[in-house]
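# Here is my input; please provide its structure:
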Amino acid sequence: MTDTRPDQRVTSADLLAELREEQQSFRFLMTALAGIIGMAAVIVAGSVIYFYMELGGLKAKYAEQTRLNEMNLRIVAGEAGRQRESTQAALVAIREENDAARKQAELARDIQRAEATRQVSGYRENAVELAQQHFLGVPLNEVTAQVVAVVLRADGAREDMLSQGERLQLQAALNDWSGDNADTVEGAMTSLLENGETLAVQARGAAGLAALEYRAANASSLGWNRGCSTVVDYVNQAEARGLDAPMLLLWKGQCLRKRGDALLAYEAFSRAATMLEGGDFEETLLHAQLAHHGVGTTLVALVASEQLPAGRDSEAALQEALAELREAARIRGARGSTPVGVAYTEENIGFIHILDKDWQTALDHTGRIDEILPLAWNLTVRNIAAMENEAALRAAKGSREAIEEMQEIQSDTQLVLGLMSCNQIDRPELKRLLPAKYSARIDLLSRHCDIDSGGAL
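Next up, the predicted model:
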């Protein structure tokens, strides 16, 4: 049997067609592979970009957190400086009390040797004066308290050495010095004011009440409605009855300044400074420091609010303020304050440079204070000086580096201020010491205090 199928021959055309099919399959495979590789490349590139951006964000967050930590450390270091200054101030007060006691040592020895009541009665005037001065800024010490106590005991034996008013004054001074019977002290002063037989006795009662009220008001940041208005009222009553004393004027000036009555406060501080320089009153470094600081600060507020009395030149007032604040800082150092304590006074000089529109001097001054510790008022002045200096640089087409430096100062000061407590900033008083055009800036820098603006009023 024979095969009848035709011969199947593979021609070159068949081979060519088959080759073309294989080439097409290969090209398809290569195209698909290129697509896969391209897609992978896109994914890889996208991942790199994503992780780079994420890393950049993490780096930025890390840098910001590091910066925030540095600012917090500065504030903590500042608090440590404040604690050291507080300790030093306490040591200074003890030293001054010991110095005062040594000055009275001879008087104490004499009165201890006095045997008869008649001999003790010779010290009656000394004891009365010491008790009166206790409520006028020259507190009793171990020695002078002994003098007052001896005279009181002698009066108890005779009951005719002291008047009723003097007896109340001496006992109240002893009680107040020892920290006992606060209600009794207040009652004695009230009795002197309301029932004193002479205007002079009544004035001593008003002065004593002013002293007690000032302590309470000072504990409340001298809030006008938390004691300061009462202080001014009692001081006015004492003055109306003929009592002039530097410490009364200093208390009155402090309260009026915190209320915003810069002109009346300036008058009170100036009178106190004149009395102390006149030598008619016992001057302590603390009294002198308060007087000069008060005069300087209230002058700044008067210039800032454009409320200087008619005929007063603002530039001359600023020069006077500068001299007064420098003197207050010098006295503070002479009393034994640390650089932190001196900085508390010197920071107010920055306001003068702002009012003078001397931005570079303001930056230099605030930079020096900031190296000691961060202070809210100093940082505010520094921020404003940098803002104004940036504007001046832009107007003069200054260098980019200089402009960026001013921007960095503004950023840093704003960050630190945002970490500070509102009572450190004291927004109301800040606004009194700077021109009104900076009020919005102060609000921005203390925006975390919108609920509580400092509580000074």
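# Helices along the stretch 101-250 of the chain, start to end?
Secondary structure of the stretch 101-250 of the chain (DSSP state H, counting those that start in this stretch): helices at 105-113, 117-120, 124-134, 142-158, 164-178, 182-195, 199-219, 228-240, 246-259.
# packing partners for the last one?
Applying 3 or more CB pairs under 8 Å, 6 or more residues apart in numbering; DSSP states H and E, one finds that helix 246-259 makes contact with helix 199-219, helix 228-240, helix 262-278, helix 285-304. Backbone N, C-alpha and C define where each C-beta goes, glycine included.
# buried stuff in the second one?
By neighbour count with 16 or more other CB atoms under 10 Å, helix 228-240 contains the buried residues Cys228, Thr230, Val231, Val232, Asp233, Tyr234, Val235, Gln237, Ala238, Glu239.
# does the last one really touch Leu248, like I thought?
Yes. With contact defined as CB atoms under 8 Å, Glu239 counts as touching Leu248 (7.1 Å).
# Glu306: what secondary structure?
For Glu306, the secondary structure call by DSSP: H, G, I helix; E, B strand; the rest coil comes out as coil.
# Tell me who's in contact with it.
Contacts for Glu306 (CB atoms under 8 Å, 6 or more residues apart in numbering) come out as Ser314.
# any idea how far Glu408 is from it?
With the distance defined as CB to CB, to the nearest Å, Glu306 ends up 33 Å from Glu408.
# Could you do Glu194 as well?
Glu194 is 62 Å from Glu408, by CB to CB.
# same question, Met420
From Met420 to Glu408 the distance is 19 Å (CB to CB).
# Over to Ala265?
Counting by CB to CB, the gap from Ala265 to Glu408 is 37 Å.
# Count the residues that sit near Ala80.
By other CB atoms under 10 Å, the residues close to Ala80 number 12.
# how would you label it: helix, strand or coil?
Assignment for Ala80 (three-state DSSP): helix.
# repeat for Pro309
coil.
# so who does the nearest residue to it once chain neighbours are set aside touch?
Computed as CB to CB, 6 or more residues apart in numbering, the closest residue to Pro309 that is not its neighbour in sequence is Leu263, at 7.1 Å. By CB under 8 Å, 6+ apart, Leu263 lies in contact with Thr298, Leu302, Gln307, Pro309.
# Show the end-to-end separation of stretch 385-404, please.
Terminal residues of stretch 385-404 lie 14 Å apart, using CA to CA, to the nearest Å.
# which parts of that stretch are buried?
Within stretch 385-404, the residues scored as buried using 16+ other CB under 10 Å are Ala385, Ala386, Met387, Glu388, Asn389, Glu390, Leu393, Ile403.
# Let me know the closest of those to Asn126.
Ala385 (54.1 Å; CB to CB).
# name the helices or strands packed onto the host helix or strand of that closest one?
In this structure, Ala385 sits in helix 376-395 according to DSSP states H and E. The contact analysis (3+ CB pairs under 8 Å, 6+ apart) places helix 376-395 against helix 349-355, helix 359-372, helix 400-418, helix 422-425, helix 427-433, helix 439-445.
# how far off helix 359-372 does that helix point, in degrees?
Angle, helix 376-395 to helix 359-372, by axes from the mean of the first three to the mean of the last three CA atoms, to 10 degrees: 140 degrees.
# Go ahead and name everything in contact with helix 376-395.
Under the criterion CB under 8 Å, 6+ apart, external residues in contact with helix 376-395 comprise 343, 347-348, 350-351, 353-354, 357, 359-360, 362-363, 366-367, 369-370, 398-399, 402-403, 406-407, 409-410, 413-414, 416-417, 420, 424-426, 430, 433-434, 438, 441-442, 445.
# cool, and stretch 246-257?
Outside stretch 246-257, the residues that touch it by CB under 8 Å, 6+ apart are 136-137, 207, 210-211, 214, 217, 222, 224, 228-229, 231-232, 235-236, 238-239, 262, 264-266, 268-269, 271-272, 275-276, 281, 283, 287, 290-291, 294, 297-298, 301.
# and if we set it to 6 Å?
Residues outside stretch 246-257 that contact it (CB atoms under 6 Å, 6 or more residues apart in numbering) are 136-137, 214, 222, 228, 231-232, 235, 238, 264-265, 268-269, 271-272, 275-276, 281, 287, 290, 294, 298.
# With stretch 275-292 instead?
Val138, Pro246, Leu250, Phe269, Ala272, Ala273, Glu324, Glu327, Ala328, Ile331, Arg332, Arg335.
# from those residues, which two are the most distant?
Using CB to CB, those reach their maximum pairwise distance at Val138 and Glu324, which is 23.3 Å.
# okay, these two: which has more neighbours?
Set Val138 next to Glu324 and count neighbours by other CB under 10 Å: Glu324 wins out with 24 against 19.
# what's the distance between the more buried one and Trp177?
Glu324 is 32 Å from Trp177, by CB to CB.
# again, but for Ala145
5 Å.
# Over to Ile403?
60 Å.
# Next, the contact list for Ala203, please.
Ala238, Arg241, Leu243.
# quick revisit: check the contacts of stretch 275-292 against Ser25 and report the nearest one.
Arg332 (94.8 Å).
# Isn't that closest one up against Tyr344?
No. Taking CB atoms under 6 Å as the definition, Arg332 is not a contact partner of Tyr344, at 7.7 Å.
# more neighbours, the two?
Arg332 (25 against 21).
# what helix or strand is that one on?
Judged by DSSP H and E, Arg332 forms part of helix 314-335.
# Can you tell me the closest non-neighbouring residue to Ser399?
That would be Leu393: by CB to CB, 6+ apart, it lies 7.7 Å from Ser399.
# What pLDDT is listed against the one you found?
Per-residue pLDDT puts Leu393 at 95.
# separation between it and Leu248?
Separation of Leu393 from Leu248 (CB to CB): 50 Å.
# re the thing from before, quick one, which of Met420 and Glu408 is more surrounded?
Met420 (19 against 11).
# For the more buried one, which non-adjacent residue is spatially closest?
Nearest non-adjacent residue to Met420, counting by CB to CB, 6+ apart: Ala376, 5.3 Å away.
# Near the one you found, how many residues? Count them for me, please.
Applying other CB under 10 Å, we find 23 residues neighbouring Ala376.
# Need the CA coordinates for stretch 285-294. PDB is fine.
Presented in PDB, the C-alpha positions along stretch 285-294 are these (Å, rounded to 0.1, in the frame of the first residue of the first chain):
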ATOM      1  CA  LEU A 285      20.400 102.300  99.500                       C
ATOM      2  CA  LEU A 286      17.100 100.500  99.000                       C
ATOM      3  CA  HIS A 287      15.200 103.700  99.300                       C
ATOM      4  CA  ALA A 288      17.500 105.500  96.900                       C
ATOM      5  CA  GLN A 289      17.400 102.700  94.400                       C
ATOM      6  CA  LEU A 290      13.500 102.700  94.400                       C
ATOM      7  CA  ALA A 291      13.400 106.400  94.000                       C
ATOM      8  CA  HIS A 292      15.800 106.600  91.000                       C
ATOM      9  CA  HIS A 293      14.200 103.600  89.300                       C
ATOM     10  CA  GLY A 294      10.800 105.100  89.800                       C
END
